[in-house]
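K.L.:
Sequence and predicted model, in that order:
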Amino acid sequence: MQDTEKDIIYNKYKYIVDVLLHDYKKIAIKLGIDLKEFRQEAYYAFSDALNNFKDEKQVKIETFITVCVRRRLQKVIKSYGGKKAKTLNNSYSLDYDYDKDGSTLKDIMEDNYFEPLNNLTDRERYEELINAIKGVLSLNEYKIFTFLSLGYNGEQIAKKLNKNIKQVNNTIQRIRQKIRNIKID
C-alpha cells in the first residue's frame, strides 16, 4: 500500500512533536497532567498545523508546526495550572524535593543567569551559533543534531527516525566534524 502525501509529510515531521513533548514532559508531570492526554493534544495541534499550513506565507513547515504544537502545549499547561480550585487544593512548595535527584520546583523554574544584558548577548551568540550550524548541516543531520542537543543517544535517535544505528552514528561523526570547523566571531 502506497503512502498518501499526508502520510509522508506526517512521518517526516512527527519528530517535532516528540522533541516538544520531551521539552515539556517534566512540567506536565509536575502539574499532574495525564501524559497520554498531553501527547494527544500535541498530535491534535500537529494535525491542525499540517491542515492549515499555507506555502505562500513563506514560512518553513517545521517552524509552523513547532509554533502550533508549542502553543497548544503551553495552552494545556496554562489552563491546567490556572484553575483556581486546583491551585488552592494542590499547592506546590518551591522547596519540596519532587525528583529523586533532589531537584526542587524552585531549582527547575529558576534562572540563575538572568542578567538582562548578558542574557541578550548570550541569546544572540546562541542564535548565531545555531544559524551557523544550520548552514553547514543537511536537513537529516540537523534533525539528528536536534535530538542530540536534547540528550538522546545514537540508539534512541535511530529508533525515533527508524534508521540503522550505524547510519546514525556515522551521521553523528559528520555532525561533530562539521561543527568543529565552525568559526564564530
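P.N.:
Now that the structure is in, tell me what you want to look at. Numbers count the residues shown, from 1 in each chain.

K.L.:
So which elements touch the longest helix anywhere in the chain?
P.N.:
In the chain, with assignment by DSSP state H, the single longest helix is helix 5-31. Under the contact definition 3 or more Cβ pairs under 8 Å, 6 or more residues apart in numbering; DSSP states H and E, helix 5-31 sits against helix 35-52, helix 61-81, helix 105-109, helix 139-149, helix 154-161. To be clear about C-beta, it is placed using only N, CA and C from the backbone, and glycine gets the same treatment.

K.L.:
between these, which gets nearest to residue 23?
P.N.:
Nearest to residue 23, of all the helices and strands packed on helix 5-31, is helix 61-81, at 8.3 Å by Cβ to Cβ.

K.L.:
what mean pLDDT does the closest one have?
P.N.:
Averaged across helix 61-81, the pLDDT comes to 85.

K.L.:
Mind picking out the helix or strand in the chain with the poorest mean pLDDT?
P.N.:
helix 84-89 (a mean of 43; mean pLDDT, DSSP states H and E).

K.L.:
since we're on residue 38, how many residues are nearby?
P.N.:
Neighbours of residue 38 under the rule other Cβ atoms under 10 Å: 20.

K.L.:
What of the one 4 residues further on?
P.N.:
Burial of residue 42, expressed as a neighbour count using other Cβ under 10 Å, amounts to 23.

K.L.:
Kindly state the pLDDT recorded for the nearest residue to it once chain neighbours are set aside?
P.N.:
In space, and not counting its chain neighbours, residue 42 is closest to residue 17: 5.0 Å by Cβ to Cβ, 6 or more residues apart in numbering. Per-residue pLDDT puts residue 17 at 89.

K.L.:
For residue 17, which residues are in contact?
P.N.:
39, 42-43, 46, 65, 69 (Cβ atoms under 8 Å, 6 or more residues apart in numbering).

K.L.:
6 Å instead, please
P.N.:
42, 46, 69 (Cβ atoms under 6 Å, 6 or more residues apart in numbering).

K.L.:
Can you add distance to residue 169 and give these back as JSON lines?
P.N.:
As requested, the contacts of residue 17 are arranged in JSON lines below (distance: Cβ to Cβ, whole Å):
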{"residue": "42", "distance to residue 169": "29"}
{"residue": "46", "distance to residue 169": "28"}
{"residue": "69", "distance to residue 169": "29"}
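
K.L.:
out of those, who's nearest residue 60?
P.N.:
Relative to residue 60, the closest of the contacts of residue 17 is residue 69; by Cβ to Cβ it sits at 14.2 Å.

K.L.:
follow-up on the earlier one: how about the helices and strands packed on helix 5-31, which one is nearest residue 183?
P.N.:
helix 139-149 (17.9 Å).

K.L.:
Now do the closest one and helix 61-81, the angle between them.
P.N.:
On the basis of axes from the mean of the first three to the mean of the last three Cα atoms, to 10 degrees, helix 139-149 is oriented at 30 degrees to helix 61-81.

K.L.:
Right, I'll leave it there.
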